[in-house]
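Participant: pasted the sequence and its predicted model underneath.
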Amino acid sequence: MNIQPSQRVQQIKEYYFSTKLKEIASMRSQGIDIISLGIGGPDLPPPSSVTDVMSEAVKDPSNHGYQPHVGLMELREAFARWYAKWYGVEVDPRTEIQPLIGSKEGVTHISLAFLNPGDKVLIPDPGYPTYSSISRMAGAEVITYDLTEEGGWQPDFDAIERLDLSGVKLMWLNYPHMPTGAKARRETFEKAIDFGRRHGIVIV
């Protein structure tokens with residue numbers, strides 16, 4: 001028997017960064033010296049003050065079990081303090097913070113929670129590749145909206161309004177923007193909220 005994966009999996013291409021890492025590995029195997037300008041990786045151990053505390057924590061029997069599905073309250077409270085300190089934003093750690101193992105988990109859960117096959121999703125171009133791959137996995141149609149250097153890598157909502165928005169369920173925003181690093185403007189979020197409310201589109 002020839003067992004085939006699901007149709008949704010067949011629509012997904014290999015992750016962009018996975019292909020790049022394979023290219024780098026191939027070039028290095030040929031003796032080519034590659035300088036990575038990516039996020040980088042740790043090449044030094046943490047200080048002993050950190051590893052000593054971690055070692056003690058591993059020996060504590062109370063640390064060996066599943067964490068709550070919403071994450072530890074102490075962690076969520078720390079996130080809330082961080083938002084208050086750096087952004088002046090108050091969030092309720094009990095109901096407004098959900099720790100994740102990574103952004104892909106959040107993108108996947110939100111997409112599966114809101115999208116049905118045939119729904120449409122607004123995705124920035126350029127933008128985080130995971131938005132497109134997960135949307136397609138959920139059976140949604142990807143509608144890209146352009147971000148330009150001239151526009152400060154901010155959405156042009158006048159141009160977006162001219163798109164066929166029928167069936168659009170989600171709109172992804174990404175700031176600090178990947179891959180340019182541009183910061184969002186307050187007016188960007190104000191326009192996004194207004195746009196989402198008028199069209200019944202979830203802004204993520």
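Facilitator: That came through fine.
Participant: domains in this protein, by residue range?
Facilitator: 67-99, 103-203 (automatic domain parsing).
Participant: gap between the first one and the chain center?
Facilitator: By that I understand domain 67-99. 18 Å (C-alpha atoms, centre = their mean, to the nearest Å).
Participant: any idea how far apart the tips of that domain sit?
Facilitator: End-to-end distance for domain 67-99: 11 Å, by C-alpha to C-alpha, to the nearest Å.
Participant: got the buried residues for it?
Facilitator: For domain 67-99, a neighbour-count test (16 or more other C-beta atoms under 10 Å) marks 76, 79, 80, 91, 93, 97 as buried. (Glycine included, C-beta is placed from N, CA and C.)
Participant: quick one: the closest residue to the third one other than its chain neighbours from residue 74, how far?
Facilitator: Closest residue to residue 80 apart from its sequence neighbours, by C-beta to C-beta, 6 or more residues apart in numbering: residue 93 at 4.4 Å. Using C-beta to C-beta, to the nearest Å, one gets 9 Å for the distance from residue 93 to residue 74.
Participant: kindly report the same for residue 14.
Facilitator: 38 Å.
Participant: ok, now residue 26?
Facilitator: Applying C-beta to C-beta to residue 26 and residue 74 gives a distance of 44 Å.
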